[in-house]
Structures are given as structure tokens and as C-alpha cells.
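> What follows is a predicted structure for the sequence shown.
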Amino acid sequence: MKTAMVAAALLVGSALYAQDMTYDAGRTTFGLRAGVNFQNINGKNSAGDKLENNVRTGFHAGLNAEVPLGTGFYVQPGVLYSQKGTEFKSNDELQLSYIEVPVNLVYKPVLGTGRMLLGFGPYIGFGIDGKYKSTSGAEGEVIFENEIPPNPEPGVYVKRMDAGANLLAGYEFANKLSFQVNAQLGLMDIRPDAPSLPNDKSRWANTGFGLSVGYRF
């Protein structure tokens, strides 16, 4: 009886191991991902006081590749269109649109019939569009510059480049559908320098989280 139980355990273990190795030994795969963003701009205003902005809702969508590194580990570069921004305390709204390039290290341990998703990594963002809308209904464009000139044009000045860190957690089903929670911490000051305002202490950073669904081919 004991011999039969040991043999059965070894058989099950071998099958699970073979399944796991088959999963990880595959070629590089590609996937689509889309979802909702809940973004904000944190930091300080011109006086050095902490910003008290509200979250703005947007969306993200894009594709990624998944390159196996070893059992359960992958590097996952991608390209995303991502909407960010904030709602200021005055209820004025700032919308920012980026093309982002994340490069995440993802660990996918077996869980049930699918895989758990755990990952982190850096991202670089490139601002492509933006709008500013006041409570009075007036609208203006975002001007992407690294420095605010002495005689600024009407609009909101923002640096074009952004960079930061990603965290993700989720689950991938056996049919390759997945869902995940994404957290993002901007590490770059996106507020341009203002040489004509020597006492300006502004510092802006994109932060937020999102929910997304994906599919691997």
C-alpha cells in the first residue's frame, strides 16, 4: 500500500513538473492589455506646500512581449498608450497622454489551473498630448517644455519625459486571459524649471494605480 502511494505521489509530482517545464520552455509570447487608470499628480506647489489634488480617471492600452528567463521568471517589455493627469483642488482638470515603455520582471508561479502574476520594473514615458480645463469651461493646451520662459504662452507647462517604477499583481487563467492590478510611482519631476521665478518650489510627479485585462497569444 505504501509503495503504491509513493509511486502515485511520484507520478503526480513528475506530471506537475513536466507541465511546469513545458510552460516555461515555450517561445517568446506576445499579449494585449487594456484597462482603467486612476491617476494623480503629487508633490509641491510653488510655495512648497503639499499638493492636495484629486484622482483623475483615464485608460491605458497596449501590447507586450514575454521572454522566458527561467522556471517561472520572465522579462516583459511593452508599449502602452496611457492617460494621466489630475483634478486640482480648484476643480480645474489637467489631462496628460503618454506613450510608455515599461520593462517588468514577472514571476508566474503555478496556482490552481493558471498562474499568479507578480512583477516590478521601470518605465519611461513620452508625453504626446495634453489639455487643461478650468471650472469656467475655458480650455488650454499643455506645452511640453523643460523650462518655463520669462514670458510664458497661455497654457500649462509640463516636461515631456517621465520615468518611474511599476508594481503589478494578478492572475493568468489557463485560457491565457488575465487580470491584474497595476501601481505606478513617478520618480521624475515633470514640472519644468522656472529660472524667472527663483522662489518657485513646485514639484510634480505622476502617481496612481490601474486595473487591466490581458490576453496572451
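Yep, that arrived. Numbers count the residues shown, from 1 in each chain.
> Going by length in residues, pull out the top strand of the protein.
strand 114-133 (DSSP state E).
> Can you work out which other helices and strands pack against that strand?
strand 73-87, strand 93-107, strand 139-144, strand 156-158, strand 161-172, strand 177-186 (3 or more CB pairs under 8 Å, 6 or more residues apart in numbering; DSSP states H and E). For the C-beta atoms, the positions are set from N, CA and C on the backbone; glycine is no exception.
> Can you add mean neighbour count and distance to Arg27 and give those strands back as JSON lines?
Shown next, in JSON lines, are the helices and strands packed on strand 114-133 (neighbours: other CB atoms under 10 Å; distance: least, CB to CB, whole Å):
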{"stretch": "strand 73-87", "mean neighbour count": "19", "distance to Arg27": "12"}
{"stretch": "strand 93-107", "mean neighbour count": "19", "distance to Arg27": "16"}
{"stretch": "strand 139-144", "mean neighbour count": "16", "distance to Arg27": "39"}
{"stretch": "strand 156-158", "mean neighbour count": "20", "distance to Arg27": "40"}
{"stretch": "strand 161-172", "mean neighbour count": "18", "distance to Arg27": "17"}
{"stretch": "strand 177-186", "mean neighbour count": "18", "distance to Arg27": "18"}
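> Quick one: those strands as JSON lines, columns for mean pLDDT and distance to Pro150 too.
Formatted as JSON lines, the helices and strands packed on strand 114-133 follow (pLDDT from 0 to 100; distance: least, CB to CB, whole Å):
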{"stretch": "strand 73-87", "mean pLDDT": "97", "distance to Pro150": "26"}
{"stretch": "strand 93-107", "mean pLDDT": "97", "distance to Pro150": "23"}
{"stretch": "strand 139-144", "mean pLDDT": "92", "distance to Pro150": "14"}
{"stretch": "strand 156-158", "mean pLDDT": "94", "distance to Pro150": "12"}
{"stretch": "strand 161-172", "mean pLDDT": "97", "distance to Pro150": "23"}
{"stretch": "strand 177-186", "mean pLDDT": "97", "distance to Pro150": "28"}
